[in-house]
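J.: structure for this input, please:
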Amino acid sequence: HVQLVESGGGSVQTGGSLRLSCAASRLWYNADCMAWFRQVPGKGREGVAAIDNNHRTTYTDSVAGRFAISRDNAQKRMYLQMTSLKPEDTAMYYCAARRGYCNNWDFTYWGQGTQVTVS
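T.: Here you go, the predicted model:
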């Protein structure tokens, strides 16, 4: 299994920025496609951004132009740079990975999450 650990969450004011990190260990070759999801209490997980091994990216409409996903395959890390944060971005953010193309939001491996609060 790919083990994923998120970091970088916290509290920020509206308009501020945060950078989330996801460290992967073991079986990095299974992480062809990696993504960030978020979830608020009472709602399902929402796919926020995804990136494949060729660094091609996909964003959900609500974060396009404000968030940037990236990955460093040598360091086995993925990042989410979040700017112009809004209160509606408040959520638990999860790192996810799976083998294969980034052609849907169905992922195999998950981290434990890191909380982002925007006020």
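
J.: so what's the residue nearest to residue 108 when sequence neighbours are not counted up against?
T.: Of all residues not flanking residue 108 in the chain, residue 98 sits nearest, at 4.2 Å (CB to CB, 6 or more residues apart in numbering). The C-beta positions use only the backbone N, C-alpha and C, and glycine is treated the same way. By CB atoms under 8 Å, 6 or more residues apart in numbering, the contact list for residue 98 reads 30-33, 106-109.

J.: bridging residues for residue 98?
T.: residue 33 (DSSP bridges).

J.: could you list the low-pLDDT ranges of the protein?
T.: Along the chain, the model assigns pLDDT under 70 to no residue.

J.: and the helices in it?
T.: Using DSSP state H, no helices are assigned anywhere in the chain.

J.: still on that earlier bit, buried among the contacts of residue 98? Need that as a selection in PyMOL.
T.: This is the PyMOL syntax for the buried subset of the contacts of residue 98, where burial follows 16 or more other CB atoms under 10 Å:
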select buried, resi 30+31+33+107+109
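
J.: tell me the one among the contacts of residue 98 nearest to residue 5.
T.: residue 109 (11.4 Å; CB to CB).

J.: quick check, that closest one in contact with residue 32.
T.: No: at 11.2 Å, residue 109 does not count as touching residue 32 under the criterion of CB atoms under 8 Å.

J.: what residue lies at the spatial centre of the protein?
T.: residue 36 (2.1 Å; CA atoms, centre = their mean).

J.: isn't that residue up against residue 80?
T.: Yes: Residue 36 is within contact range of residue 80, at 4.8 Å (criterion: CB under 8 Å).

J.: re the thing from before, between the contacts of residue 98, which is closest to residue 62?
T.: residue 107 (19.2 Å).

J.: could you find the closest non-adjacent residue to the closest one?
T.: residue 96 (3.8 Å).
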